[in-house]
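> sequence first, then the predicted structure:
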Number of protein chains: 2
Amino acid sequence: MKFQEFVSAHGVPISRAAGEHLFRQGDADQSLYIVKNGLLKAYYLSSEGKENIKSFIMPGDNIGSLVAAYANLKCSFSLICLRDSELIKVDFKAIYEASQHNLEIASTVVDFLLAFAMKKERREFELLCLSAEDRYRLLLENMPSITDLVTQNEIALYLGITPVGLSRIKKRVQSAI
Amino acid sequence: MKFQEFVSAHGVPISRAAGEHLFRQGDADQSLYIVKNGLLKAYYLSSEGKENIKSFIMPGDNIGSLVAAYANLKCSFSLICLRDSELIKVDFKAIYEASQHNLEIASTVVDFLLAFAMKKERREFELLCLSAEDRYRLLLENMPSITDLVTQNEIALYLGITPVGLSRIKKRVQSAI
DNA sequence: TTGCGCTTTTAACCCGGGTTAATTCCAGCC
DNA sequence: GGCTGGAATTAACCCGGGTTAAAAGCGCAA
């Protein structure tokens, strides 16, 4: 059985309006969500109410809380729709078990996890090694459409700075052209 | 065939003295290294010569450049021994291909990648959401022995700050007890 | 014991980004 | 056109950590 067939058989289509959550930090959601269309953001909320954006999720992307799905812990972040979105919800444990009995599915899962790991490693590099300004330049380079999709506030929280800080950086970057 | 058997059959034992590299940023090393004993560090070097430490690698850990091994690119970081170390070197492509034909190996690879992804996600969280001081406190909590294993310079570069900055943080943390 | 080299601390100054609050911009709506 | 409310900019001040350089601490070997 192929992964696609598995998803067709076990996945549940979900529609959510902009502003609605799929799950919140602290929930025990063990699903993997496959985004068909729309736009979502995954974000952390500190105990003091500070938001940090982990990632933006586009059509074709997958998202879910690994520690909740695999380690049976609570979700470490929240997932909310920025636009009306349609997704397929699949129970992660079911995928995991299927991968233990089916080579084709296991291969897909391996490829998926390798791509995921490389993406995380890239973000780790950017956060560890680059200044906020460099991260901003890089984001513009890799995802020029981002400025049309989300507010500057959200870009700032993704970069790990405040909207005020980003405004200053923009000014510097502009005048450097 | 089990993963262990695969490693025994295809792995090559390697010994390196402290200070020696396993590979350098820019190399095309497609190996996975399994650490038997010793201590290593994975680090990025910027074009201006600034070092940032990606991780410390302890006995039992695995390390290798994903983008080099899986995406056929150059290693994005360097790997050097901090102590005399013994490791097993396994060709990643061979593991990957074995996982496509053998369910037991694929399952081990899936578990390995899941654990790896959770680790990366955790580091992403720390770098995105926590201050240098909080990251230092957390490191002491999770790995109290680290202060005996590496210099303060290296702890600082792991946290993403300078040794001078870490010295100040230490002073603050001390006096807060 | 002295001296050498390396690590760590301290000091002085700098700068990027945080914070708060005022201001400007802009879209939608009457 | 004139309001209104949210987004973005600007300003003023603060603070954490960077930078540079000097001082102190600490093995270790002669």
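All right, it came through fine. Residues are numbered from 1 along each chain as shown, chains lettered A, B, ... in the order given.

> strands along chain A, start to end?
A:12-16, A:21-23, A:31-37, A:40-45, A:51-57, A:62-63, A:78-81, A:85-91 (DSSP state E).

> let's have these in CSV, adding mean neighbour count.
(Each C-beta comes from the backbone N, C-alpha and C, glycine too.) Shown next, in CSV, are the strands of chain A (neighbours: other C-beta atoms under 10 Å in any protein chain shown):
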stretch, mean neighbour count
strand A:12-16, 13
strand A:21-23, 19
strand A:31-37, 20
strand A:40-45, 20
strand A:51-57, 19
strand A:62-63, 17
strand A:78-81, 22
strand A:85-91, 20
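
> any chance of JSON lines for those strands, columns mean pLDDT?
Below are the strands of chain A laid out as JSON lines (pLDDT from 0 to 100):
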{"stretch": "strand A:12-16", "mean pLDDT": "95"}
{"stretch": "strand A:21-23", "mean pLDDT": "95"}
{"stretch": "strand A:31-37", "mean pLDDT": "96"}
{"stretch": "strand A:40-45", "mean pLDDT": "95"}
{"stretch": "strand A:51-57", "mean pLDDT": "95"}
{"stretch": "strand A:62-63", "mean pLDDT": "96"}
{"stretch": "strand A:78-81", "mean pLDDT": "95"}
{"stretch": "strand A:85-91", "mean pLDDT": "96"}
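
> what about chain A, any weak spots by pLDDT?
A:1, A:175-177 (pLDDT under 70).

> now with 90?
Applying pLDDT under 90 to chain A picks out residues A:1-3, A:47-49, A:148, A:172-177.

> quick one: closest of the strands of chain A to residue A:124.
strand A:51-57 (12.2 Å; C-beta to C-beta).

> quick one: that closest one near chain B?
Yes: residues of strand A:51-57 contacting chain B under C-beta under 8 Å from any C-beta of the partner chain: A:52, A:54.

> contact partners for the residue lying closest to residue A:13 once chain neighbours are set aside?
Spatially, and ignoring its direct neighbours in sequence, residue A:13 is nearest to residue A:88 (5.9 Å; C-beta to C-beta, 6 or more residues apart in numbering or on different chains). Counting by C-beta atoms under 8 Å, 6 or more residues apart in numbering or on different chains, residue A:88 touches A:7, A:11-14, A:33-34, A:36.

> can you list those in CSV and add distance to DNA strand D?
Below are the contacts of residue A:88 laid out as CSV (distance: C-beta to the nearest atom of the strand, whole Å):
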residue, distance to DNA strand D
A:7, 35
A:11, 33
A:12, 31
A:13, 29
A:14, 25
A:33, 25
A:34, 28
A:36, 26
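
> ranges for the helices of chain A?
A:3-10, A:66-70, A:92-101, A:103-129, A:132-142, A:146-149, A:152-159, A:163-175 (DSSP state H).

> appreciated, that's everything.
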